[in-house]
Structures are given as structure tokens and as C-alpha cells.
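>>> Sharing a model prediction with you, sequence too.
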Amino acid sequence: MMGAYTYSLRGGVFCNAQTANVVLMAMAFGKAEWKADLYYLIPITAYISGAFVSEVLPSPIKKMGFLRWDTFLIGFETLVLFGVGLIPLWAPHQIVQVIINFICSMQYNTFRQAENVPMATTFCTNHIRQVGISIAKALRHRDFSPLKRGLKHIQMVLCFLAGGVVSTAACGIFGEKAIWLALIPLLINFVILVHADLSIEKDEMWKTPSGH
């Protein structure tokens, strides 16, 4: 939803990952377009900063013994995206792009697995690759159990598609406030995580999440 939003309304770029920015920066170097080179350092730095913050904050938040970092991040992301929806479309697109770069990096670095399967929640290239790997393993070993893993990756790709469809349609109707639709799944997850932290998973507060 964030990728479709920034591409549709905020400068025609995808802020979920940084591969495109690195390629564009390299192309700018090749064309000796030095101002463009410097610009691409901004989103890349924002992404680095997001990863840095998401590595530094979990420990002190864990010591508070109230909520896990994962829960705090969902709450923070909800507030940030609400604020993004208040930024008018005539404002410089770079403002929203950098904000989305930052929170996408934190989300990518924090949520690394789903149901014991390594997952990326901000881009789907690896999910598509894993589907091909699962099919190959199933055919090679004549064992269909790898397909269960591949199915989880297919589900993730379908979620990406659904989010992109909804976000793109909403952009044409609600404008800059279209990003507020992303608050619905975020708030649902936030409530679930808060309930888990304060009750059914309170004794597991000190455990390190899988994949970290």
C-alpha cells in the first residue's frame, strides 16, 4: 500500500526498498549528473537510519517491560502514516518519500519471519523467487511438502497485490489521505499485539524474536 501510494501520488517512486535508488544513483554517476547523485543519498541515508534505529531501540524498550519493540513499531508506524495523510500533495514529494523510506526500513528489519518462514514485508522479489525454489524442490525430490512453504510466499505476494490494488484505487478518490486505509490493518495488528504483550504472551516478553 505504501509503494502504490508513493508511486501514484508522491513523485512516482517506490520507497519500500532501495535497489532502484542505488541503480539510479549509479546511472547519475555515469551521466555525470552530480546533483542527482547527491539527492539519491537522501533516501538511502533514511533507509540506513531506519535500520539503525530498529537495531538500537529494541533493547531499552524491552527493559521497560511493558510492550515489545514490535508493538511499539506498529503504533509508531500508525501515527507516522496518519501524519503523512495530512501532508498536502503540493508539498515537496521528498518529504513523504524520506518518511516512508525510514519506516519501511524499520518494518523490514523488525519483522523478519512469519510462521517460522523468513519473510520480507516491504517487497516481494524474494517471495516470487521462493515460489520457484519450492516448485523445483518438490519436483526434484518428489515430495510436495516444500510446496507448503511456497504457498506462504504466494500468500504474501497476493497480499502485496491486494494492497496495491486498494491503495491505487483509493489514491484516485481520497488523494493524500488514501494512505489512511493502511491504518486499518495496522490498528488491528496493534490491538492484537498489545493484548498479547499484556496478557497471553506477557511471560515471553524477554524472548528474542525468531530471525533476530
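Looks like it arrived, so ask away.
>>> can we go C-alpha only for contacts and neighbour counts from here?
Fine.
>>> State the pLDDT value of Gly11.
Reading off the confidence values, Gly11 has pLDDT 89.
>>> Same question for the one 4 residues further on.
Cys15 carries a pLDDT value of 91.
>>> Hmm, Leu181 and Gly85 touching each other?
No - the criterion here is C-alpha atoms under 8 Å, and Gly85 misses it with Leu181 at 9.9 Å.
>>> isn't Leu86 right up against Gly175?
No - taking contacts as C-alpha under 8 Å, Leu86 lies outside contact range of Gly175: 10.4 Å.
>>> More neighbours: those two, which one.
It is Gly175, of Leu86 and Gly175, that has more neighbours when counted by other C-alpha atoms under 10 Å, with 17 against 12.
>>> and that one, what does it touch?
9, 89 (C-alpha atoms under 8 Å, 6 or more residues apart in numbering).
>>> the longest helix in the protein is where?
helix 146-174 (DSSP state H).
>>> List the buried residues for it?
146-147, 149-150, 152-154, 156-157, 160, 163-164, 166-171 (16 or more other C-alpha atoms under 10 Å).
>>> so what's the spatially most central residue of the chain up against?
In the chain, the centroid-proximal residue (C-alpha atoms, centre = their mean) is Thr122; its distance is 3.3 Å. Applying C-alpha under 8 Å, 6+ apart to Thr122 gives the contacts 16-17, 104, 107-108.
>>> In helices, which of those residues fall?
Among the contacts of Thr122, DSSP H puts 104, 107-108 in helices.
>>> could you dump the residues you listed to a markdown table with pLDDT, neighbour count and distance to Tyr47?
As requested, those are exported to a markdown table (pLDDT from 0 to 100; neighbours: other C-alpha atoms under 10 Å; distance: C-alpha to C-alpha, whole Å):
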| residue | pLDDT | neighbour count | distance to Tyr47 |
| --- | --- | --- | --- |
| Cys104 | 96 | 25 | 8 |
| Gln107 | 96 | 21 | 11 |
| Tyr108 | 95 | 19 | 10 |
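>>> the strands in the chain, which residues?
Assigned by DSSP state E, the chain shows strands spanning 113-114, 117-118.
>>> Let me have those in CSV, adding distance to Val131 and mean neighbour count as columns.
Shown next, in CSV, are the strands of the chain (distance: least, C-alpha to C-alpha, whole Å; neighbours: other C-alpha atoms under 10 Å):
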stretch, distance to Val131, mean neighbour count
strand 113-114, 15, 15
strand 117-118, 13, 14
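>>> Which of those sits closest to Ile200?
strand 113-114 (18.8 Å; C-alpha to C-alpha).
>>> Could you measure from Leu186 over to Phe52?
Distance, Leu186 to Phe52, using C-alpha to C-alpha, to the nearest Å: 22 Å.
>>> Looking at the residue of the chain most remote from its centre now. What's its pLDDT?
For the chain, the residue at maximal distance from the C-alpha centroid (C-alpha atoms, centre = their mean) is Arg142, at 35.0 Å. Looking at Arg142, its pLDDT is 84.
>>> re earlier: identify the farthest-apart pair in the contacts of Thr122.
It's Ala17 and Gln107 that sit farthest apart of the contacts of Thr122, by C-alpha to C-alpha, at 11.1 Å.
>>> Any idea how many residues pack against Gln199?
One correction, residue 199 is Ser, not Gln. Neighbours of Ser199 (other C-alpha under 10 Å): 10.
>>> Begin at 11 from now on, thanks
With the count now opening at 11, the last piece we talked about shows up as Ser209.
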